[in-house]
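Asker: When you get a sec, could you give me coordinates for this:
(chains A and B)
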Protein chains: 2
Amino acid sequence: MEKADLLIRGCIVLPMKDEGVIEDGVIAVKNGRIILLGKNSSTHGIEAEKTLNAKGMVAMPGIINCHTHVAMTLFRGLAEDKPLNVWLQETIWPLEAKLTREDVYAGALLGCLEMLKSGTTCFADMYFHEEAVTEAVRESGIRGVLAEGIIEAGSREMGEKTFNKSVDFAEKFNGFADGRIKTMLAPHAAYSCSPELLKRVREKALKLGLGIHIHLAESAEMFKELERQYNLNEVEFLHRLGLFDGHVLAAHCINLSESDMRILAERRVNVVYVPVANMKLGLGVARIKELIDLGVNVALGTDGAASNNSLDMFETVKFAALLQKSFYRDSKVLSAYQVLKMATLDGAKALGLDGVIGSLEVGKRADIILVDLSKPHLKPLNNIYAALAYSARGSDVDTVIVDGKILMENRRVQTLDERTVMEKAEKCASDLLVRKL
Amino acid sequence: MEKADLLIRGCIVLPMKDEGVIEDGVIAVKNGRIILLGKNSSTHGIEAEKTLNAKGMVAMPGIINCHTHVAMTLFRGLAEDKPLNVWLQETIWPLEAKLTREDVYAGALLGCLEMLKSGTTCFADMYFHEEAVTEAVRESGIRGVLAEGIIEAGSREMGEKTFNKSVDFAEKFNGFADGRIKTMLAPHAAYSCSPELLKRVREKALKLGLGIHIHLAESAEMFKELERQYNLNEVEFLHRLGLFDGHVLAAHCINLSESDMRILAERRVNVVYVPVANMKLGLGVARIKELIDLGVNVALGTDGAASNNSLDMFETVKFAALLQKSFYRDSKVLSAYQVLKMATLDGAKALGLDGVIGSLEVGKRADIILVDLSKPHLKPLNNIYAALAYSARGSDVDTVIVDGKILMENRRVQTLDERTVMEKAEKCASDLLVRKL
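Answerer: Below is the predicted model:
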């Protein structure tokens, strides 16, 4: 066998393509791909440039965060305990109006650092100055599905401008950073873009073969006026416009009717369940059990740090499962394995990347995390999926590998200087607050 | 000024008796008590045996976990995704029937280690072989309000035996471990003890001046038969028995009527809100906002690790706030400060210890934790209470002090050998599973 670039030995391996577990496993990586996966005992001969002795750890696919606005780390802890409309109108929008490209870069670097340190290897993002996010992705080594936001909010001119920017961005950066960046188009929401604009987004996305990342049914309040005007709810409205004809990543999806859920299932819309931010803003509970029963692909997201206030997907995994159990008053809803699959393979599928990442399989890109099991809160290890879903937290992630490259080892991030990233973000945030006054 | 035993300098101090914050603070400790608290700049002259330079950290009262069964760490990850009755009858009770004193000791040590590593300095526990828990408390240096469980479950003989054991335990161990252990009586629940037995518990508790720790209204299902028999619901039933006449610590309190809530308020019952375990078992949501509005003192608990599956109270703090916001669809319900107060001062009050611990005040025992703020997920620090309630996790706790003694520094626990504790618990858990077969 050819010499590998990287060997990971002696750990429990969770491939996450089914519930199977390899107890004393080995993974070999070459040119960024997994070239071998199996029992440690059956691979004595293999050699590698670097070998990680991962005894006492579990190797699993990197976690995929399917909905965030990563630069919003700058706003963490501002505007606490407020309703969505007040939160947006009094704090977030006035701050965003003052955001520079430099701010977005600083916030995105901080967010990428936070995500790597909690085991996230890929994220879907929509924001302004998204070019700055591509820089943070390139430098940190993480993987991203990025989109420049399109928003009209009553101004045709702004709609036109942001539409053109979003398309330019998507064309320019698809495949950027050694292929780790994919792009989408990102109309903000049904209530903040006109039907004409949404139709143009649809056509452009279909023409360019790009996915659409959109907020959907986050708050009944926001669509109320349009619902009266069109006599259609948000899902029906977008369905009529044909927005669901291509690949769609729809974040939130709260308060859907059964007919809405059937539309999403039929149109194969990928739903991103965002339990923490939805709970924090008091927005109601997405009916994920029913969506899954209808065959909808459901992924997980954190949303921005301003409404969460964390990008730790291990936390989101636990919230995701427990909120559904609580909502349906049924402890059997969403098993530990199922919710971890939502955070890995189903997330990859939601991004159109399930042929590339999301599970540990020979031929896939090597996006792998090692979780250190030698912690009091993970003992005894009676059930590995329960340990990861209900007991582990992001800080238990020891090693992060993206595209075959070790980005964090022994909790030290190799690609970024932590202190510099934190200080830069703090400075940008405090300058921004001064500018806003 | 006399020489202190310990000085903590340069940190943000959150006394938690009101929302006030000391930016560059100092705390001096002598003979286990806080003897000084103030601005760093105003205390140049003070000397101490040991000084902790805590720049970049926040000092706050140690977290108080008001409902757990600490030895159940042994069962972590067993019986996942099952309803409460199946979980109890098929897995937990058969295992508990085989538990030895040695098992409880090993599980309790693991639990104490886990709690210290996540910033918990005091816990309220109810279980069998509770003597073994006193040993774990004594060795680890943590503080505990402990009780031996009383359960009848149809057997008068068992009721008699566990009642006597609970009383003996409470009398023998009150004030044990240099005063760090207080005791209560712990009738398991209204449905598992007869009215006669509950009356005896009430009388004994009043006579001995002990509190009562009980499960209350955890599941409507469990009390259904008695509700038909007596035409009273669980709260009314216990109220009629006079069980609320003394100091009561009532865990869960789900599905209460308004009249139930008024009874708890009038009788000054201390409610322990257990959001994570309640969600995980699909048991419904305690109406904490309404209880607080009625003036009820509400504390927080994790429950045992078998139904959580973590003893990390920082996680419980976030779940506690977000579940209420979600339930009432109102992001203003339970502010970050309020929920942290539930985890500290209100917890102390629930245990009858608010004169001793729960806030940082001169004269109180020095139960203090230092949380390290120099982490990406805690930056920028726009709001210290939001950072602690919504972004921090147990692993951010750097230093733990109980009764003036440093039990953990730089995340190294001084009183226990981590590896030995973990191995012992793993061995007991696997032996137990073999014995159960």
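
Asker: and the closest residue to residue A:13 other than its chain neighbours, what element?
Answerer: Nearest residue to residue A:13, sequence neighbours excluded (C-beta to C-beta, 6 or more residues apart in numbering or on different chains): residue A:25, at 3.4 Å. Backbone N, C-alpha and C define where each C-beta goes, glycine included. Applying DSSP states H and E as the criterion places residue A:25 in strand A:22-30.

Asker: who does the helix or strand just after that strand touch, helix- and strand-wise?
Answerer: Per DSSP H and E, strand A:22-30 leads on to strand A:33-39 as the next helix or strand towards the C-terminus. Other elements packing on strand A:33-39 under the criterion 3 or more C-beta pairs under 8 Å, 6 or more residues apart in numbering or on different chains; DSSP states H and E are strand A:4-13, strand A:22-30.

Asker: Including distance to residue A:149, mean neighbour count and mean pLDDT, could those go into JSON lines?
Answerer: Formatted as JSON lines, the helices and strands packed on strand A:33-39 follow (distance: least, C-beta to C-beta, whole Å; neighbours: other C-beta atoms under 10 Å in any protein chain shown; pLDDT from 0 to 100):
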{"stretch": "strand A:4-13", "distance to residue A:149": "37", "mean neighbour count": "22", "mean pLDDT": "97"}
{"stretch": "strand A:22-30", "distance to residue A:149": "35", "mean neighbour count": "21", "mean pLDDT": "96"}
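
Asker: Compare the ones you listed and give me the one nearest residue A:347.
Answerer: Residue A:347 sits nearest to strand A:4-13 of all the helices and strands packed on strand A:33-39, at 19.0 Å, using C-beta to C-beta.

Asker: Would you list the strands that the closest one pairs with, along with their directions?
Answerer: strand A:22-30 (antiparallel), strand A:48-53 (parallel), strand A:57-61 (parallel) (DSSP bridges).

Asker: Next, see if the helix or strand bottoming out on mean pLDDT in chain A gets close to chain B.
Answerer: Here the helix or strand of chain A ranked lowest by mean pLDDT, DSSP states H and E is helix A:84-86, holding a mean of 81. Yes. Counting by C-beta under 8 Å from any C-beta of the partner chain, chain B has neighbours in helix A:84-86: residue A:84.

Asker: how about the helices in the stretch 151-300 of chain A?
Answerer: For the stretch 151-300 of chain A, the helices defined by DSSP state H, counting those that start in this stretch occupy A:156-173, A:195-208, A:220-230, A:234-240, A:258-266, A:275-280, A:288-293.

Asker: Can you tell me which of those helices is most buried?
Answerer: Ranked by mean neighbour count under mean count of other C-beta atoms under 10 Å in any protein chain shown, the helices of the stretch 151-300 of chain A are led by helix A:275-280, which reaches a mean of 27.

Asker: Show me what that one is packed against.
Answerer: helix A:313-327, helix B:313-327.

Asker: With mean pLDDT, mean neighbour count and distance to residue B:285 added, can I get these in JSON lines?
Answerer: Converted to JSON lines, the helices and strands packed on helix A:275-280 look like this (pLDDT from 0 to 100; neighbours: other C-beta atoms under 10 Å in any protein chain shown; distance: least, C-beta to C-beta, whole Å):
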{"stretch": "helix A:313-327", "mean pLDDT": "98", "mean neighbour count": "26", "distance to residue B:285": "7"}
{"stretch": "helix B:313-327", "mean pLDDT": "98", "mean neighbour count": "26", "distance to residue B:285": "5"}
